[in-house]
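Asker: Coordinates for the following, if possible.
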Amino acid sequence: MSDLASEQDKAVPANPLGLYVHVPFCASTCDFCAFYQTQPTVGGIKSFLDHITAEADLVKWPRRATTIFWGGGTPGLLAAHDLAKLAEIVRARVDDDFEEWTVELAPGSVTKERLAALKDAGVTRVSMGVQSFQPPLLDALGRQHSREQILRAYDRVRAADFHSVNLDLIFALPGQTEEEWAADVREAASLQPDHLSTYCLTFEEDTALWVKLSQGRVKLDPVHEARLYEATWAQLAELGYEQYEVSNFARPGHVCRHNLNTWRMHEWVGLGPSAASQHGGWRGGNIADLEKWMSGVDRGERMTEDRVRLTPAQLAEDAVIFGVRMNAGVDLPAWRARSPEAPWDRVDALVQRLVDEGLAICDGGRLQLTNRGRLLADAVGAEVMEAFSHESTPV
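Answerer: From the prediction side, this is the model:
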């Protein structure tokens, strides 16, 4: 394994617990975004915070959380005093020696006052959704910020002195050339963030981009996407960033520990509308509707959608699906020991075929995709699902 892969293993405590808070407020909907969001109002924000407190009280906490992640929506739309209030709610459920606390921010929402509130609360990591530095491409995504706002926001975040700063970028945008993407990567790296996330544009149902795709106004180009993936990996390696997951790159000491714990099928608690949870032998998601979520909390309900009882075989399946996306891979013998009843003969046959086709290596039982295999990570994940071919128990 690489040094960064070894760092990942050392970063995980014996029994981590994540805490995810979904802040659903957003000023506008980007063309590519399928996450649940709603327009903020003063009353809506107050009710949201009150119900986050109430929902947290409903949770049968297995232990105190070791990583925290606030996503959205745009958490940065909350005023500084509301961010401080949300932080108080969270800190009451978090281990004093927590590992990491990430907050997602949009460039247009970054102010000195908000950053000060986050810093005072103990936030260690800021992830900023840049997507692109080029105005025509930002317009194509429906983003509301400018290049100048990105740079100003980044300077403010750096001045606030958080331990880690991540920038999110998106590639394979409609009309985007390889040269334009390479320029975005260079500009992002020139700011010297600690972490970079580079996501291939996906067309989610019920988004503006999905409508354009269905109307033939934009087209998919898998060959072009593959070239951009490979160019990204090579370019960021040259710029000093090591890949640790298909879409994520970091300098030493700055991997996203919350995501690592989630991908490795540890437990996490999700608070807020549409937030997913996995703990106590169950997995489920809150309803993606602010008013209905609040009504459910008032009735003492949470994890109201797609609630399933987890089996060791289900966890093993998901651990392999997410594990092969990580450069460090997945330890198959460890999961075989945890879930001996899973169909390992079919998994072994799949692993052997992936190795024979040059899509993976399996050394000492640790399955890792090659670069060529990583380009097909989604297809490999689908084959893993087919190999396990079992259903979770619905409730």
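
Asker: what's the host helix or strand of Ala334 in contact with?
Answerer: Secondary structure here is read from DSSP states H and E; on that basis Ala334 sits in helix 332-338. In this structure, residues lying in contact with helix 332-338 by CB atoms under 8 Å, 6 or more residues apart in numbering are 312, 315-316, 319-320, 342, 344, 347, 351, 362, 365-367. Where C-beta positions appear, they are placed from N, C-alpha and C, glycine not excepted.

Asker: right, and the pair among the residues you listed with maximum separation?
Answerer: Greatest spacing in the contacts of helix 332-338, by CB to CB: Pro312 and Cys362 (21.2 Å).

Asker: one step back: what's downstream of the helix holding Ala334, the next helix or strand?
Answerer: Counting by DSSP H and E, the element after helix 332-338 in chain order, helix or strand, is helix 344-356.

Asker: which residues in the stretch 51-200 of the chain form strands?
Answerer: Listed in chain order, the strands found in the stretch 51-200 of the chain under DSSP state E, counting those that start in this stretch are 67-72, 100-105, 125-131, 164-171, 195-200.

Asker: Show me what the first one is packed up against.
Answerer: Using 3 or more CB pairs under 8 Å, 6 or more residues apart in numbering; DSSP states H and E as the contact criterion, the elements in contact with strand 67-72 are strand 17-23, strand 100-105, helix 257-263.

Asker: Starting from it, tell me which strands it pairs with and how they run.
Answerer: Sheet pairing of strand 67-72 (DSSP bridges) gives strand 17-23 (parallel), strand 100-105 (parallel).

Asker: who wins for neighbours among the contacts of helix 332-338?
Answerer: Neighbour counts for those, by other CB atoms under 10 Å, peak at Ala316, which reaches 28 neighbours.

Asker: and stretch 319-332, what's its mean pLDDT?
Answerer: Stretch 319-332 comes out with an average pLDDT of 97.

Asker: Give me the distance between Val42 and Ile321.
Answerer: Computed as CB to CB, to the nearest Å, the Val42 to Ile321 distance reads 42 Å.

Asker: nope, Lys46 is what I meant
Answerer: To Ile321, Lys46 is 39 Å away according to CB to CB.

Asker: Of those two, which one has the most company?
Answerer: Ile321 (21 against 12).

Asker: My guess is the more buried one contacts Gly381. True?
Answerer: Yes - using CB atoms under 8 Å, Ile321 and Gly381 qualify as a contacting pair, with a distance of 4.4 Å.

Asker: Could you list the low-pLDDT ranges of the chain?
Answerer: 1-13, 27-37, 39, 142-144, 203-221, 390-395 (pLDDT under 70).
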